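In: got a predicted model here, sequence first, then my questions.
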Amino acid sequence: MASADLEVKVRKAARALVRHGLAHAYGHVSARIDSGTFLVCAPQPMGLISPGTPGSVVRLDGDLPEGVLGEVRIHREIYRCRPDIQSVARTMPAKIMSLSTLRLTPRVRHGFGSYFYPCIPLWDSPLLIRDDSTARQLAARIEDGFAIVMRGNGLITAGASVEEAVVRAWYAEDAAKVELDVLSVGEAGTPAFYSEEEVAVRVTWAGRILERMWDYLTAGDPE
């Protein structure tokens, strides 16, 4: 069973993703419980998940429980591949979606984008992930990163905590906004990108960077 604190955090994460335009009727967020199980939010629009609504516990070595949404198998395969991952978010950010239809993902042009260096990989299929084999292939495509864009079908982010998975979703969408803004001006200016050395300095959670964004995203939550 998941702890009460983890249940609350997953519900807060779910509502935050919708509140900030990163999901709508579709999407889900989960958190690892232990080496063999994880908790996923209730199978309903995340913004409508009420305080106290329990999620579902999913085993890594079994089938999805009755009533759990089909694409939750993506979470399961990521947890299987990556013991370091403690949380996964499946979202539908609008600008990530638009950019992906050009078969593009955000380049590392600004601070938030640097958290995905050298780039967010693209899963070049617009179809829903409804079988285990395809879910395994998608999870493997992430390699040692923390995100993947699904062409015309949204975004997966992950992290060492629920906070990280949610904040990375916001960062990815912000990077997509910058990318589309830059592309809209064509050949103007001299494009600038973060170097590997700059990324090594910029990518940090020190100074309550993670906590401050989590506080911002969850401000006003009923729990």
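Out: Arrived safely, thanks for sending.

In: low-confidence bits of this structure, can you list those?
Out: Confidence mapping of the chain against pLDDT under 70 gives zero matching residues.

In: which residue ranges of it form helices?
Out: Counting by DSSP state H, the chain has these helices, from start to end: 4-19, 72-81, 94-100, 132-142, 162-184, 196-202, 209-218.

In: format those as TSV; extra columns: mean neighbour count and distance to Arg59.
Out: Just so you know, the C-beta spots here come from the backbone N, C-alpha and C atoms, and that holds for glycine as well. Below are those laid out as TSV (neighbours: other CB atoms under 10 Å; distance: least, CB to CB, whole Å):
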stretch	mean neighbour count	distance to Arg59
helix 4-19	21	16
helix 72-81	23	8
helix 94-100	21	30
helix 132-142	17	13
helix 162-184	22	20
helix 196-202	12	37
helix 209-218	16	28
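
In: turn those helices into JSON lines, including distance to Pro121.
Out: As requested, those are exported to JSON lines (distance: least, CB to CB, whole Å):
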{"stretch": "helix 4-19", "distance to Pro121": "21"}
{"stretch": "helix 72-81", "distance to Pro121": "13"}
{"stretch": "helix 94-100", "distance to Pro121": "11"}
{"stretch": "helix 132-142", "distance to Pro121": "6"}
{"stretch": "helix 162-184", "distance to Pro121": "12"}
{"stretch": "helix 196-202", "distance to Pro121": "17"}
{"stretch": "helix 209-218", "distance to Pro121": "23"}
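
In: and of those, who's closest to Gly152?
Out: In terms of CB to CB, the element of the helices of the chain nearest to Gly152 is helix 94-100, at 5.9 Å.

In: need the residues that contact the closest one.
Out: 21, 105-106, 122, 149-155, 172-173, 176-177, 179-180 (CB atoms under 8 Å, 6 or more residues apart in numbering).

In: out of the helices of the chain, which gets nearest to Glu66?
Out: helix 72-81 (12.1 Å).

In: show me what contacts the spatially most central residue of the chain?
Out: Nearest residue to the geometric centre of the chain (CA atoms, centre = their mean): Thr157, 2.3 Å. Contacts for Thr157 (CB under 8 Å, 6+ apart) come out as Val88, Ala89, Thr91, Phe146, Ala147, Ala165, Val166, Arg168, Ala169, Ala172.
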